[in-house]
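*Asks:* model the structure of this input:
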Amino acid sequence: MNEKIIAKAEEFVASAKICVLALIDDDGYPTAATINPSKTEGIKYIYFGNNIDSNWDKRAEKCNRASVCFNSISPECNVTLVGIIEILTDDLALKKEIWVDWMGEYYSGPEDPKFCVMRFKTQRYSLFVDSNQVRGML
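*Replies:* Below is the predicted model:
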């Protein structure tokens with residue numbers, strides 16, 4: 001049963017165009033904002049393209065604890081992931097892999113030194129899919 005729920009959650013996450021990323025701010029409070037996921041590996045890893053000088057990157061460098069939430073009313077689905085986030089600046093192959101056209105409005109390309117990847121790694125999850133709920137650790 002859990003494997004089916006996890007598989008459906010992973011399918012939902014892979015198709016999601018937007019999610020909420022929560023990080024700890026300078027005053028120790030969680031802050032949440034919507035962001036476009038650039039790549040997912042099931043529910044284990046979520047990747048985001050971002051600016052190395054952004055508030056998100058600065059917060060992630062200071063405190064790597066984070067949460068990501070994907071949700072939808074139809075189909076009824078809520079995927080909440082808790083884990084750690086890291087900033088990757090030197091993996092050009094990964095930068096090229098997650099690059100999407102709209103990023104060209106902000107960066108000269110994946111090689112742009114201001115462009116980085118935030119990689120979220122799930123440590124625990126809470127999934128609500130098709131009226132079934134499961135919690136666990138990865």
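
*Asks:* shaky segments in the chain?
*Replies:* Scanning the chain for pLDDT under 70 picks out 1.

*Asks:* select the longest helix from it.
*Replies:* helix 2-15 (DSSP state H).

*Asks:* what packs against that helix?
*Replies:* strand 39-41, strand 65-72, strand 77-88, strand 115-129, strand 132-137 (3 or more C-beta pairs under 8 Å, 6 or more residues apart in numbering; DSSP states H and E). In this view, the C-beta of every residue, glycine as well, is placed from N, C-alpha and C.

*Asks:* mind putting those into TSV with distance to residue 10 and mean neighbour count?
*Replies:* Below are the helices and strands packed on helix 2-15 laid out as TSV (distance: least, C-beta to C-beta, whole Å; neighbours: other C-beta atoms under 10 Å):
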stretch	distance to residue 10	mean neighbour count
strand 39-41	8	17
strand 65-72	10	19
strand 77-88	9	18
strand 115-129	9	20
strand 132-137	12	12
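
*Asks:* out of the ones you listed, which is closest to residue 107?
*Replies:* Smallest distance to residue 107 across the helices and strands packed on helix 2-15 (C-beta to C-beta): 4.4 Å, for strand 115-129.

*Asks:* give me the distance between that closest one and the centre of its chain.
*Replies:* 5 Å (C-alpha atoms, centre = their mean, to the nearest Å).

*Asks:* can you tell me the centre-most residue of the protein?
*Replies:* residue 46 (4.0 Å; C-alpha atoms, centre = their mean).

*Asks:* give the contact list for it.
*Replies:* If you count contacts by C-beta atoms under 8 Å, 6 or more residues apart in numbering, residue 46 has them with 13, 19, 37, 39-40, 68, 81, 119-120, 122.
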